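next come a sequence and a model predicted from it.
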Amino acid sequence: MHISEGVLSPQMLAAGWAIAGAGTVVGLKKLDPDKIVRVAFFSSVFFLASLVNVPVGPSSTHLSLIAPMGLILGWSVFPAVLTALALQAILLRFGGFLALGANTVSIALPGLIVYLLFAAGVRRCAGSAAAVRSFAAGFAGVILSAAGVGVFLWLSNPAFTNAAKFIFVAHLPLALIEGSLTLFMTGFLKKTAPDILSGADRHSGE
Amino acid sequence: MAAGLVLFSAAAAAAHGIGYRHSEKKPVSLEFSYSTGEAMSYLDTRVYSPKDEKFAFQSGRTDEAGRFAFTPDVSGLWRVVVRDEEGHMAEASVNVTEDFLKGDGNFLPEIVHGDHIEGAELALRAVLGVSLLFNLAAGVVLRRNKVKK
């Protein structure tokens, strides 16, 4: 879900960098120093996930892991995503540096929203209640991200309205896939390592 | 009056007559695909001439197999850029020589450089990325421990 270089208006590029910068500063300030390696690990998983193609009908897409990142990292999702996207731009030529701020926002902000809305519920609930919340978190992460990309495009140029709508609809299958993936992931982590679901922020989950 | 209008219409239609013939110019045909081997089908494609780097010489979409063809009119380095809706971009630079333009079949345009990373190089870059992320984290942890002492 990377926005290409040369697509967004200078105002939207600046807005993207401003929000991404603010989120990254807050994320770094809140980051529990003992969980830096965990952030690096999930940043690496996100970096590699873009290489895993998932067939959707006649086409394919790649995993974004927005909800798992948000639920596990909390506010630290901003620095984790910014670093991974920068490396993707340098090493894999995905996206680019001017659009890095907007791309960070369109992935990290939904991750943070998912964390704020669902993390406590997923941790505290059990059984089907936790499963429903986990699926909703995964689904919402992708939908919010697609909506974010659409807003950036639409505010840059109203001529992109149709492209924004297409991106939103095209990501519905991925939202279902990531909802299911988040459901299985949280189910597994709740049994094996529930501490991981408490976020990487200082005092989070306590 | 009516007869005059009919005559005028016929003349106008004749003035906009259309036709076609085989072009003697040789096209350059490229095939674009993802690192997974999947064709980059029906994607926005722009061709930039060496004469004008800013405005596209030609634009359109790749076909189902990810192919796109254009007919260069000058020699030099031509750029072909293909983008999908998710931000992936493939860029090929094609060196079109005078010999190719003259139609000598022995001279094929050379793809000087393509932004398509795949196979071992892709794996190497992925490993390098993961390694950089962990080195960055290790650096921060080491620095933090030093400051603590």
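Nice, I can see it.

which SSE is immediately downstream of the helix or strand of chain B with the lowest mean pLDDT?
One helix or strand of chain B scores below all others by mean pLDDT, DSSP states H and E: helix B:2-15, with a mean of 51. Per DSSP states H and E, helix B:2-15 leads on to strand B:28-31 as the next helix or strand towards the C-terminus.

pull up the pairing partners for that next one, direction included.
Sheet partners assigned to strand B:28-31 using DSSP bridges are listed as strand B:67-70 (antiparallel).

relative to the whole chain's centre, how far out is the strand it pairs with?
8 Å (Cα atoms, centre = their mean, to the nearest Å).

hmm, who's touching the helix or strand just after that strand?
On the C-terminal side of strand B:67-70, the closest following helix or strand by DSSP H and E is strand B:76-83. Residues from elsewhere that reach strand B:76-83, judged by Cβ atoms under 8 Å, 6 or more residues apart in numbering or on different chains: A:4, B:28, B:30, B:32, B:40, B:43-51, B:53, B:57, B:62, B:66, B:68, B:70, B:72, B:89-96, B:109, B:112. C-beta here means a position set from N, CA and C on the backbone, and glycine is covered the same way.

mind naming the longest helix for chain A?
helix A:127-156 (DSSP state H).

at contact distance from chain B, anything in that helix?
No: between helix A:127-156 and chain B, judged by Cβ under 8 Å from any Cβ of the partner chain, nothing touches; the nearest distance is 8.9 Å.

name the residues of the top helix by length along chain B that are buried.
Secondary structure of chain B per DSSP H: the longest helix is helix B:119-148. By neighbour count on 16 or more other Cβ atoms under 10 Å in any protein chain shown, the buried set for helix B:119-148 is B:122, B:125-126, B:129-130, B:132-133, B:136-137, B:140.

what of stretch B:17-34?
Buried-residue list, stretch B:17-34, by 16+ other Cβ under 10 Å: B:26, B:28, B:30, B:32-34.

how about stretch A:29-47?
Buried-residue list, stretch A:29-47, by 16+ other Cβ under 10 Å: A:30-32, A:35-36, A:38-47.

between the residues you listed, which is closest to chain B?
Comparing the buried residues of stretch A:29-47 against chain B with Cβ to the nearest Cβ places A:A40 closest, at 3.4 Å.

in this structure the closest one contacts B:V141, no?
No: using Cβ atoms under 8 Å, A:A40 is not in contact with B:V141; the gap is 9.4 Å.

which stretches of chain B have low pLDDT?
Along chain B, segments meeting pLDDT under 70 span B:1-15, B:35-36, B:86-87, B:104-118.

walk me through the domains of it.
B:24-116, B:117-149 (automatic domain parsing).

the last one near chain A anywhere?
Yes: applying Cβ under 8 Å from any Cβ, one finds domain B:117-149 in contact with chain A at B:117, B:122, B:125-126, B:128-130, B:132-134, B:136-138, B:140-141, B:144.

how far is that domain from where the chain is centred?
With Cα atoms, centre = their mean, you get 33 Å for domain B:117-149.

just stretch A:180-192 next, same as before
Distance, centroid of stretch A:180-192 to centroid of chain: 17 Å (Cα atoms, centre = their mean).

can you list contacts of it?
Contacts for stretch A:180-192 (Cβ under 8 Å, 6+ apart): A:63, A:65, A:67-68, A:71, A:122-123, A:126, A:130-131, A:134-135, A:137-138, A:141, A:196-197.

quick one on the thing from earlier: so can I have TSV of the buried residues of stretch B:17-34 showing distance to B:K102?
Listed next are the buried residues of stretch B:17-34 as TSV, based on distance: Cβ to Cβ, whole Å:
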residue	distance to B:K102
B:K26	9
B:V28	14
B:L30	21
B:F32	27
B:S33	31
B:Y34	35
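
which member of those is positioned nearest A:P110?
Distance to A:P110, by Cβ to Cβ, is smallest for B:Y34 among the buried residues of stretch B:17-34, at 24.6 Å.

is the closest one in contact with B:H88, as I believe?
Yes: counting by Cβ under 8 Å, B:H88 is a contact partner of B:Y34 at 7.2 Å.

quick one on the thing from earlier: for PyMOL, write a command that selects the buried ones of the contacts of stretch A:180-192.
Buried members of these, defined by 16+ other Cβ under 10 Å, are picked up in PyMOL with:
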select buried, chain A and resi 63+65+67+68+71+122+123+130+131+134+135+137+138+141+196+197
